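Novice: Could you look at this predicted model? Sequence included:
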Amino acid sequence: MADLCKTFGANVRKIRRAQEVSQEELADRAKIDRSYLTGLEGKAGRNPTLKVVERIASALGVTPSSLLE
């Protein structure tokens, strides 16, 4: 599970940076706290709920599965 969480966080960070979106902007779009997003993208790899995965994917304009691959 930890590896999947790290993969998710790394993919979110990679896509967010490629789109030149700040953490604050993405957090606002996804309706989550910026510090929570920081934790998701961090080395520890927080464990997001499916609802959060869906919100972030929608905010980035990608599919949830693309964040988990």
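Specialist: Done, it's in. Numbers count the residues shown, from 1 in each chain.

Novice: CA atoms for contacts and neighbours, from now on please.
Specialist: Fine.

Novice: Spatially central, which residue of this structure would that be?
Specialist: Val12 (4.0 Å; CA atoms, centre = their mean).

Novice: which non-adjacent residue is nearest that residue?
Specialist: Once flanking residues are discounted, Val12 sits nearest to Leu67: 6.3 Å by CA to CA, 6 or more residues apart in numbering.

Novice: got the residue ranges for the strands in the protein?
Specialist: Here the chain has no strands by DSSP state E.

Novice: Skipping adjacent residues, who's closest to Ala27 in space?
Specialist: Nearest one to Ala27, counting by CA to CA, 6+ apart, is Arg34 at 5.2 Å.

Novice: my guess is that neighbour meets Glu41, correct?
Specialist: No: using CA atoms under 8 Å, Arg34 is not in contact with Glu41; the gap is 10.6 Å.

Novice: These two: which is more packed in?
Specialist: Glu41 (22 against 17; other CA atoms under 10 Å).

Novice: just checking, the more buried one touches Ile15?
Specialist: No: under the criterion of CA under 8 Å, Glu41 makes no contact with Ile15, lying 11.2 Å away.
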